[in-house]
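Participant: Please work out how this folds:
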Amino acid sequence: MLEHLNKETFKEKVFNFELHKEWKYEGKTPCLIDFYADWCGPCKMVAPVLEELQKEYGENIVIYKINTEIEQELASMFGVQSIPSLLFVPIEGQPQMAMGALPKSTFEKAIADVLNVQKPVVN
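Facilitator: Just a heads-up that it's a prediction; the model follows:
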């Protein structure tokens, strides 16, 4: 199961916007944040792909979900206007946003390019 974030857990695990003006990632593992809503068809298509990716990458990445209907402040902070919107957050550097129901291969490429994480080799 992917972890759902609210404002408080977001500040603790991703970015404490009340303490810092400049972006400072609070986590120790690169993460991917899925901004979604329960009524969104494309979001429902992306959900199982994200679950699969979390299983495949294991502890190398963390995938969070933020319900834009409940956490409107977080959604507006990142300028989320369409969903699904996916925020790729590397350990160092600025996060990058992607929009739409992306195919798994696109997620894998972004995880490699933006998060600098390779898929673990399964023996």
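Participant: after the lengthiest helix in the chain comes which helix or strand?
Facilitator: Scanning the chain for the helix with the most residues, using DSSP state H, yields helix 41-57. Sequence order places strand 62-67 as the next helix or strand after helix 41-57, per DSSP states H and E.
Participant: doesn't residue 13 make contact with residue 26?
Facilitator: Yes: Residue 26 lies in contact with residue 13 (CB atoms under 8 Å); the separation is 5.9 Å. Where C-beta positions appear, they are placed from N, C-alpha and C, glycine not excepted.
Participant: any idea how far the residue nearest in space to the middle of the chain is from residue 121?
Facilitator: Note on the chain: the residue nearest the mean C-alpha position is residue 33, at 1.4 Å, using CA atoms, centre = their mean. For residue 33, the distance to residue 121 equals 26 Å [CB to CB, to the nearest Å].
Participant: circling back to that earlier point, ok, the residue lying closest to the residue nearest to the centre of the chain once chain neighbours are set aside - contacts?
Facilitator: Closest residue to residue 33 apart from its sequence neighbours, by CB to CB, 6 or more residues apart in numbering: residue 87 at 4.2 Å. Residue 87 makes contact with 32-33, 35, 78, 95-97, according to CB atoms under 8 Å, 6 or more residues apart in numbering.
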